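Enquirer: can you look at this prediction? I've put the sequence above it.
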Amino acid sequence: RTRTVEQIAIERQRICPVSGKLLGSMGQPVKVTIDKRDVFVCCAGCESPLRKNPLVHLAKLAPTAPAKATKADAATIARQRLCPVSGEPLNSMGGAWKVIVRGEPVFVCCKGCVRTVQENPVQYLSKVATARSQTTRR
């Protein structure tokens, strides 16, 4: 069975930039054209927020290249402590790596863990949020 260009675009985008839900989870995704760019949202209710504030929502879709963590990231790294993928200390592989996932910084122990986080953003954002909140409560 041949996939359409739209089906391929939906598979590549994967998430709604407004709700953060998986495309297709609310029925057929809705195509919205913003500045000559086709973007998909999970439902008709997400179209208006996307049109009202496209820069904020489209930024959530832009993948960022992993970068070495900086001194400015030290407090967040201290709260997170462990890599959400491997469970190892963030500095165990020569320094933490930072990747922005859905607008949030996630730190991992090595470049190899970045892709895993990007492929399962909800799972790892949840793990990171839990880890940081537990550290804050101590």
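Expert: Perfect, I can see it now. Residues are numbered from 1 along each chain as shown.
Enquirer: could you list the buried residues of the helix or strand bottoming out on mean pLDDT in the chain?
Expert: Least confident helix or strand of the chain, by mean pLDDT, DSSP states H and E, is helix 121-137 with a mean of 79. Neighbour-count burial for helix 121-137, counted by 16 or more other Cβ atoms under 10 Å, picks out Pro121, Tyr124, Leu125, Lys127, Val128, Ala131. For every residue, glycine as well, the C-beta is placed using N, CA and C.
Enquirer: now swap in stretch 32-47 and tell me
Expert: Val32, Val39, Phe40, Val41, Cys42, Cys43, Cys46.
Enquirer: still on that earlier bit, turn the buried residues of helix 121-137 into TSV, including distance to Thr4.
Expert: Output for these, formatted as TSV (distance: Cβ to Cβ, whole Å):
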residue	distance to Thr4
Pro121	25
Tyr124	30
Leu125	30
Lys127	35
Val128	35
Ala131	40
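Enquirer: what's the most distant pair in the residues you listed?
Expert: Using Cβ to Cβ, the pair of these lying farthest apart is Pro121 and Ala131, separated by 15.5 Å.
Enquirer: got the contact list for the most centrally placed residue in the chain?
Expert: The residue lying closest to the centre of the chain (Cα atoms, centre = their mean) is Val101, at 2.6 Å. Residues in contact with Val101, defined by Cβ atoms under 8 Å, 6 or more residues apart in numbering, are Val117, Gln118, Pro121, Tyr124, Leu125.
Enquirer: pick out the most distant pair among those.
Expert: Farthest pair in the contacts of Val101, by Cβ to Cβ: Gln118 and Leu125, 11.1 Å.
Enquirer: good, we can wrap up now.
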